[in-house]
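*Asks:* Sequence and predicted model, in that order:
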Amino acid sequence: MGVLFQRTLGFHATGSMKTTLLHSWHEAAGARFAPFAGFDMPIQYPTGAVEEHRLCRRSAGIFDIDHMGQVIISGKGASQALSAIVSNRILDMKPNESRYSLLLNDQGGVIDDIFIYRSAYSGTDTKEDAWFVVVNAGNRETDTAHFRAHLPESVSVEDVSDITYMIAVQGPRAMELLASLLEGPASPIPRGNMDVARLAGVPVVYGRTGYTGEDGVEIFYDPMESLELWELLISGAKDAGIELGPVGLAARDSLRFEAGMPLHGHEISPGITPLEARLSWACDFSKDFKGKAALEAQKSRGLSRILATLNVSGGVPREGYLVLNESGEEIGRCVAGMFCPTAGTYSANAFVPPEYAALNTKLSVLIRGNPKEAAVVKRPLYTPAYRRKPV
């Protein structure tokens, strides 16, 4: 992995708003754009966000997610040092494995949620103790600064975002498409792992990971090949008889929402802890990590709020809408809300006192001044592929 990224060259277009290198392709495809994390990003295409969502659920979607950031952490002692500042355990990871984790502040709030890959080069003369970390779009500078502030000088922190292009292919037929285009043995890697390969002739690093609840891959490669590989995947799908189309950020949001995955600035933020966001599973309390003491103190005194998912009748819940109890008292606010195409529901995520978070609790959401019936439902609304039993 390290060798590939050291050789890449490229840049992101800049100006008042950043764009990905596929911006012109999206324009030609009729995409609608909106600002996101400092980028002018495709929100949806002419087929519409609902159809893009359904396409990803039934076959496969392709996502331009080059707004995301990537950091390589390496050097002697990098493993122990990184373990001390991320919430989840990582020292038991084997080369090419990945794990979801959190960066926390001293108060236990979530600076960012991250994906950590252990490099296959770990323990070799090329890259001793090397890790590849994928960070959220708007947190690239914050996360890099956090790593540099809390890792020893002997550990290298290299932001490789500008020399790494990132796309994703997600859906039940995504791995079938990948296998048809991989050079050499095409047996899929285990979920959560990564590999180095040539995909339709283009050198890539790919991880069998994603943010949709479906199987699939996230692909990292040379920005100079950004358009070539994108178009090769689309043409390859057509040749293989696999339905594939571009998916914008609107459908990406509804896909992740149904699968119970958090979005920074909504279900997680520096003012929200993992315990409140139902992410305690991403914290290994058997080891030390930054923010652990604050979480243990919060656990001891009890939570004052917790994340709940509500199904709403009679209107579309949106971020910021008030949540009321049966007496009409304000008990929380929605942090995300939308129509969920697979579940067929209008749903919201909200932080409410624990006594109102039990399943089937009757509440209401204030929509344009009118209270609309709501009820707490089981999370997630859609069972992710990695949780399903093999058929």
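*Replies:* Received the coordinates, thanks.

*Asks:* My guess is Asp159 contacts Thr142. True?
*Replies:* No. Contact criterion CB atoms under 8 Å: Asp159 and Thr142 do not qualify, at 11.6 Å. C-beta here means a position set from N, CA and C on the backbone, and glycine is covered the same way.

*Asks:* ok, the two, which is more surrounded?
*Replies:* Using other CB atoms under 10 Å, the more surrounded residue of Asp159 and Thr142 is Asp159, with 19 against 16.

*Asks:* Pull up the gap between the more buried one and Met194, please.
*Replies:* With distances taken as CB to CB, to the nearest Å, Asp159 is found 19 Å from Met194.

*Asks:* and what of Glu218?
*Replies:* Taking CB to CB, one finds Glu218 at 9 Å from Met194.

*Asks:* what residues are shared contacts of these two?
*Replies:* 206-207, 209 (CB atoms under 8 Å, 6 or more residues apart in numbering).

*Asks:* Pull the number of nearby residues for His26.
*Replies:* Counted with other CB under 10 Å, His26 comes out at 21.

*Asks:* Centre of the chain to the helix or strand where it lies, how far?
*Replies:* Per DSSP states H and E: His26 is located in helix 23-28. Centre-to-centre, helix 23-28 and its host chain are 23 Å apart (CA atoms, centre = their mean, to the nearest Å).

*Asks:* ok but Leu177 is inside a helix, no?
*Replies:* Yes. Leu177 sits within a helix when classified using DSSP: H, G, I helix; E, B strand; the rest coil.

*Asks:* phi, psi of the most far-flung residue of the chain relative to its centre?
*Replies:* In the chain, counting by CA atoms, centre = their mean, Ser327 sits farthest out from the average C-alpha position, at 37.1 Å. When read as degrees, to the nearest 10, the backbone of Ser327 gives phi -90, psi 0.

*Asks:* Spell out, range by range, the helices that occur in the stretch 51-200 of the chain.
*Replies:* 78-83, 140-150, 174-181 (DSSP state H, counting those that start in this stretch).

*Asks:* just so I know, which of these lies nearest Asp288?
*Replies:* Nearest to Asp288 among the helices of the stretch 51-200 of the chain is helix 78-83; the distance by CB to CB comes to 8.4 Å.

*Asks:* ok, back up a step: could I get the helices of the stretch 51-200 of the chain as TSV with mean pLDDT and distance to Val377?
*Replies:* Putting the helices of the stretch 51-200 of the chain into TSV (pLDDT from 0 to 100; distance: least, CB to CB, whole Å) gives the following:
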stretch	mean pLDDT	distance to Val377
helix 78-83	97	36
helix 140-150	98	33
helix 174-181	95	28
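
*Asks:* For the longest helix along the chain, name the packing helices and strands.
*Replies:* Assignment by DSSP state H gives helix 226-240 as the longest helix of the chain. The contact analysis (3 or more CB pairs under 8 Å, 6 or more residues apart in numbering; DSSP states H and E) places helix 226-240 against helix 23-28, strand 60-64, strand 165-170, helix 174-181, strand 194-199, strand 202-207, strand 244-246.

*Asks:* how about JSON lines for the helices of the stretch 51-200 of the chain, with distance to Arg278 added?
*Replies:* Listed next are these as JSON lines, based on distance: least, CB to CB, whole Å:
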{"stretch": "helix 78-83", "distance to Arg278": "23"}
{"stretch": "helix 140-150", "distance to Arg278": "22"}
{"stretch": "helix 174-181", "distance to Arg278": "27"}
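
*Asks:* among these, which is nearest Val316?
*Replies:* Judging the helices of the stretch 51-200 of the chain by CB to CB, what sits closest to Val316 is helix 174-181, at 29.7 Å.

*Asks:* buried set for the closest one?
*Replies:* Across helix 174-181, burial judged by 16 or more other CB atoms under 10 Å covers 174-178, 181.

*Asks:* List the contacts of Gln80.
*Replies:* Neighbours of Gln80 in contact, by CB under 8 Å, 6+ apart: Leu91.

*Asks:* what about it, distance to Lys238?
*Replies:* With CB to CB as the criterion, Gln80 and Lys238 are 48 Å apart.

*Asks:* what do you get for Ala358?
*Replies:* Applying CB to CB to Ala358 and Lys238 gives a distance of 49 Å.

*Asks:* again with Phe36
*Replies:* 29 Å.

*Asks:* okay, the two: which has more neighbours?
*Replies:* Set Phe36 next to Lys238 and count neighbours by other CB under 10 Å: Phe36 wins out with 15 against 11.

*Asks:* for the stretch 251-391 of the chain, what spans make up the helices?
*Replies:* Counting by DSSP H, counting those that start in this stretch, the helices of the stretch 251-391 of the chain are 292-301.

*Asks:* which regions of it lie under the pLDDT threshold?
*Replies:* Where the stretch 251-391 of the chain drops to pLDDT under 70, the residues are 390-391.

*Asks:* Thr142 reaches Asp112, doesn't it?
*Replies:* Yes. With contact defined as CB under 8 Å, Thr142 counts as touching Asp112 (7.1 Å).

*Asks:* Quickly note the distance from Ala31 to Leu227.
*Replies:* 15 Å.
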